[in-house]
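Asks: sharing a sequence plus its predicted fold:
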Amino acid sequence: MASATDFGIDLELLTDFIAETLGEIDKLDEKFIQLEKAPEDTAIIDSIFRPVHSIKGSSAFFNLNNIRIFAHKLENFLDDLRKGKLPVTQEVIDDLLTGIDFLRSMFNEIDPNNLKEKPTDEEEAFLETLERFSAAKPEAKPEEVLDTYFSHLRELKAKASLKPEETAKILKESNEIIEKLEIELISSGLLKPVEVPTKQLGEILVDKGKVSEEDIEEALQKQKKVGTILVEEGKLTEADIEEAIQTQKEEKEEVKPPAIEKLSMKKFMRVEEDKVDNFINYIGELIISSEVYRYLQKRLEVSGDQNKIASEFKNANISFMELSNTLQESLMEIRRVSVKSIFQKLPRLVRDLSKNLSKEINLILEGEDTSIDKSIIEALENSVIHMVRNAVDHGVETTHDRKEKGKDPTGNVKISAVADEEFFYLYIQDDGKGIDPGVMKKKAIEKGLTTPDKAAAMSKSELCKFIFHAGFSTAKEVTDVSGRGVGMDVVMTEIKKFQGSVEIDSEVGKGTHFTLKFPLAVTLTIIDGLLVSVGKEKYVIPLNMIKESVCPKKEQISTVKFKGEMVNIRDTLYPIIRIHELFSVGNAVQNSWESVMVIVENDGKHCCLMVDDLLEKQQVVLKDIGKSFKHIDTIAGGAILGDGKVGLVLDVEGILNKVIGQKAIVQTAT
């Protein structure tokens, strides 16, 4: 059992090679799908051939012989495609995709303590299936490879004997052939790189005509360094010795064995994720400090005789806040990666699924260069794959059904990614049969998820969201792809984990459109909030949830049966949530017409939060308030305010869902 250390392989280099190669392999799936659509495009074939060729050569360098053998045979197969000896058919693409899956698996299973010498029986069986194609010739024997190269050398020798004046050119070509032969033999495992001996110092001096061989022999007998002896005897100068040593170094560099072709990779700065996260947390502390400065600034401003100091303090604090924001934004950029890592897996997924389901589907991808936080990418991958599988299986109809409905036989699934300054949006849409809200309503009532009365008041979007409940499925039959009601609840859990939200817009017979929305910054939750007072307490309401704030008159307040206390704002009734009652706060304003109403919105639901007063807009860092308070759905966390006290950040979504549920639906006043 050979290990990496037995061959002197650097484990860090091996780890980097595996990671980089897996990244290259992941890109190949998309290229094979492109090749299937454009089988005559040799540029695509070349773009596939190059990484496989590099994998073969680099695997030999790391003594990954099982991968070298497999990649070499796969390379021969691709070479036949390049040379036009083998047509690109669906069967060929199927085999190539299977081959890449094997290659990916082989890299994932590399054990530095047990480097495999040859492919497994299953891998060998796959390679044998490639031979069924007429153009797939058996691998050339070592003696045949040697014979080919030496034939070229004999041709060059003949040319040199006929035209002596071109000898220098012929020798150069000969050296190139020998170097290529050496690389081929090393890559094939038939030859190991060897150290080529360099000339000794005395030999170099003789070649340069500085001394004779007799002088060297005489110097060696005196058991001193050759250079020292020759300088002492006046036969050479120190400069001659230095020149000869330099020549020796240069020759050592020239005779190094040829380098194995390595993967062409971009340069990356490797940073431990924990260190980045810690640094981001420090930025949060800076922001907290800036709020302290602002608090002190206000105290100075009201003192009356220190306006100049307050002005200088204010300017310094503004600069400090700008620096904090810049540091936070710059560091968040480090964590951002493009969604291409997810997108490049979808063409293969849709191809295989549509083939298994006998459907014709056109996949459209837009915005693959859009960048978001790395943690969202990692969590989003499985969710996106699951939703695309559902779109292909449940959304898009079969070719026969689409023709009967007068639709294009080829269905469309479109995935788009865009981002603005604050949010990332992912759109997943299909032009299939859509989600029937009537079916959703019936199924939800059957499962006890809602009552007939509540279901009757729900919007189409709200009914569609029942698909995110565990075990909920409207599929008529369970398939290998989906239909068990497992997965969409997990999708929602992952989305909520990163403060994301989902909107569904579906029309029967025309298709479904999912909109996934995430804040760009998730590692450190910095909230722009509105600080409000209720009694002696202070709360923070996230600004992105606020529509407006009003001071209602007494005649605007009324009580509606089954809805409770409502406020009429421009002929629209909004449910009122008394924050002092929600959190048992004393000494708060009791009359709603003497308070301030903050209109908040989330997921299509609205209500008014009743508070005593609006204090100021403030940027806060959301802090976890501990496991003991996890069960409180109406509180998102805590924040350290400028005066050093803790203010609770309201969870608007939790308030809407827990306290008033479906009552939060806005009604038109009559």
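Replies: That came through fine. None of the values given here were measured: they were computed from a predicted structure.
Asks: for the rest of this, base every contact and every neighbour count on C-alpha atoms.
Replies: Will do.
Asks: buried stuff in stretch 395-414?
Replies: 395-399, 402, 407, 409-414 (16 or more other C-alpha atoms under 10 Å).
Asks: again with stretch 612-619
Replies: So stretch 612-619, judged by 16+ other C-alpha under 10 Å, has buried residues D612, D613, L614, Q618, Q619.
Asks: of these, just say which sits nearest to M492.
Replies: Set against M492, the nearest of the buried residues of stretch 612-619 by C-alpha to C-alpha is Q619 (28.2 Å).
Asks: contact partners for the closest one?
Replies: I526, I527, D528, G529 (C-alpha atoms under 8 Å, 6 or more residues apart in numbering).
Asks: filter these down to the ones in strands?
Replies: I526, I527, D528, G529 (DSSP state E).
Asks: by neighbour count, which of the residues you listed wins?
Replies: G529 (22 neighbours; other C-alpha atoms under 10 Å).
Asks: could you find the closest non-adjacent residue to that one?
Replies: P542 (4.3 Å; C-alpha to C-alpha, 6 or more residues apart in numbering).
Asks: poorly predicted segments of the stretch 301-450 of the chain, please.
Replies: 303-306, 308-309 (pLDDT under 70).
Asks: show me where it has strands.
Replies: Using DSSP state E, counting those that start in this stretch, the strands found in the stretch 301-450 of the chain span residues 336-338, 361-366, 371-373, 411-419, 423-430.
Asks: contacts for the second one, please.
Replies: Residues lying outside strand 361-366 but in contact with it, judged by C-alpha under 8 Å, 6+ apart, are 343, 347, 350-351, 354, 392, 396, 410-417.
Asks: give the buried residues for stretch 626-645.
Replies: D633, T634, I635, A636, G637, G638, A639, I640, L641, G642.
Asks: mind putting these in TSV, secondary structure, distance to E273 and pLDDT included?
Replies: Output for the buried residues of stretch 626-645, formatted as TSV (DSSP: H, G, I helix; E, B strand; the rest coil; distance: C-alpha to C-alpha, whole Å; pLDDT from 0 to 100):
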residue	secondary structure	distance to E273	pLDDT
D633	coil	30	82
T634	coil	31	88
I635	strand	29	89
A636	strand	25	86
G637	strand	24	87
G638	strand	25	88
A639	strand	25	88
I640	strand	26	85
L641	coil	29	85
G642	coil	30	75
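Asks: ok, now how distant is A219 from L573?
Replies: 109 Å (C-alpha to C-alpha, to the nearest Å).
Asks: those two: which is more packed in?
Replies: L573 (25 against 19).
Asks: give me the secondary structure label for the more buried one.
Replies: Classification of L573 by DSSP: H, G, I helix; E, B strand; the rest coil places it in strand.
Asks: what pairs with it across the strands?
Replies: Note on L573: beta-bridge partners by DSSP bridges are N568, Q667.
Asks: does it touch G564 like I think?
Replies: No: checked against C-alpha atoms under 8 Å, the pair L573 and G564 is beyond contact range at 11.0 Å.
Asks: show me where the stretch 501-650 of the chain has its strands.
Replies: Under DSSP E, counting those that start in this stretch, the stretch 501-650 of the chain gives strands at 501-507, 511-519, 526-534, 537-542, 546-550, 557-560, 564-569, 572-578, 596-602, 605-611, 613-621, 635-640, 646-650.
Asks: show me what the shortest one is in contact with.
Replies: Residues from elsewhere that reach strand 557-560, judged by C-alpha under 8 Å, 6+ apart: E565, M566, V567, N568, S592, W593.
Asks: let me know the closest of the residues you listed to T129.
Replies: Distances from T129 to these, taken by C-alpha to C-alpha, are shortest for M566, at 73.1 Å.
Asks: so who does that closest one touch?
Replies: Counted by C-alpha under 8 Å, 6+ apart, M566 has contacts I557, S558, T559, V560, L573, Y574, P575, I576.
Asks: report pLDDT for the fifth one.
Replies: By that I understand L573. Looking at L573, its pLDDT stands at 89.
Asks: how much space between it and D80?
Replies: From L573 to D80 the distance is 72 Å (C-alpha to C-alpha).
Asks: the second one too?
Replies: Taking C-alpha to C-alpha as the measure, S558 and D80 are separated by 81 Å.
Asks: next, the residue in the chain sticking out farthest from the centre: phi, psi?
Replies: Distance from the C-alpha centroid of the chain peaks at E233, with 69.9 Å (C-alpha atoms, centre = their mean). Per-residue torsions, E233: phi -90, psi 0 (degrees, to the nearest 10).
Asks: going forward, the N-terminal residue is numbered 20.
Replies: Right, with 20 as the first residue, what we last looked at is E252.
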